[in-house]
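Engineer: Structure, please.
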Amino acid sequence: MRWVRTVAILSMSGLTGCGTDEDHIKLVRVTGTITQNGKPLAGADVSFVPDTGNKDTTPGVDQSGPEGGYMVRYKGRNGVAPGKYKVIVTPPDATAEGQVPEKFKNDPMMFKIMQQSRGPKTDGGQKKAGVKSEFDAEVSETNKELDFDVKTSSPAGGATKP
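Structural biologist: Reported below is the predicted structural model:
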């Protein structure tokens, strides 16, 4: 009976520490501020798309807070692996969010899905691509702070690629 307990304990201890290889990738904490024409931009989607040449490919995402701050996360962990990234910043659609119909007030996710299925619009009623900016960034082995400024040509204009 004693050996059964010993085998059970050894089996259980062998299971601790098990996980996927992704759990062992060293991530670097990446934070920063998203601004639009120098002013903090809240609610912007921030995506870190890894270069195919990176040793580990860890795409990271976040959404900027009220003061434009973000912290990239990969699969529930803070940070991304060191390497080169294409950073895509997509500002929130302020006009769509400001016109949520009463029936969607308690379910903003359904409103967002409905808006996406209709496609983006222009002032003339024609569809246009969502406004986003792309940046190149490199994440080193140490904690990294990366700020990005989305440029627009006018208050209603589109973002430009720096």
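
Engineer: residues of stretch 59-78 that come out buried?
Structural biologist: Within stretch 59-78, the residues that count as buried by 16 or more other CB atoms under 10 Å are 60, 62, 64, 68, 70, 72-74. (Glycine included, C-beta is placed from N, CA and C.)

Engineer: what's the most distant pair in these?
Structural biologist: G68 and Y74 (20.9 Å; CB to CB).

Engineer: can you pull the contacts of the closest residue to R77 other than its chain neighbours?
Structural biologist: Computed as CB to CB, 6 or more residues apart in numbering, the closest residue to R77 that is not its neighbour in sequence is L27, at 5.7 Å. For L27, the contact set (CB atoms under 8 Å, 6 or more residues apart in numbering) comprises 58, 74, 77-81.

Engineer: Mind checking which of those residues are in strands?
Structural biologist: Taking DSSP state E as the definition of strands, the contacts of L27 contribute 74, 77-78.

Engineer: Mind listing the residues bridging to the closest residue to T142 other than its chain neighbours?
Structural biologist: The shortest distance from T142 to any non-neighbouring residue, by CB to CB, 6+ apart, is to V28 (6.8 Å). On the basis of DSSP bridges, V28 is bridged to V80.

Engineer: which residues touch V28?
Structural biologist: Contact analysis of V28 by CB under 8 Å, 6+ apart lists 79-82, 139-144.

Engineer: likewise F48?
Structural biologist: So F48 contacts 30, 59-61, 72, 80, 85-87, 137, 139 (CB under 8 Å, 6+ apart).

Engineer: List of residues touching the helix or strand encompassing E134?
Structural biologist: Take DSSP states H and E as the rule and E134 turns out to sit in strand 133-139. Contacts with strand 133-139, where a contact means CB under 8 Å, 6+ apart, come from 28, 30, 48, 80-89, 146, 148, 150-151, 159-162.

Engineer: Break down the chain into its strands, ranges please.
Structural biologist: For the chain, the strands defined by DSSP E cover 30-36, 39-40, 45-50, 60-63, 69-71, 73-74, 77-78, 83-90, 133-139, 144-145, 148-152, 159-160.

Engineer: Touching the fourth one from outside, list them.
Structural biologist: In this structure, residues lying in contact with strand 60-63 by CB under 8 Å, 6+ apart are 30, 43-48, 70-74, 79-80, 85.

Engineer: Repeat that for the longest one.
Structural biologist: Under the criterion CB under 8 Å, 6+ apart, residues 34, 41, 44-51, 53-56, 60, 130-139, 146, 148, 150, 159 lie in contact with strand 83-90.
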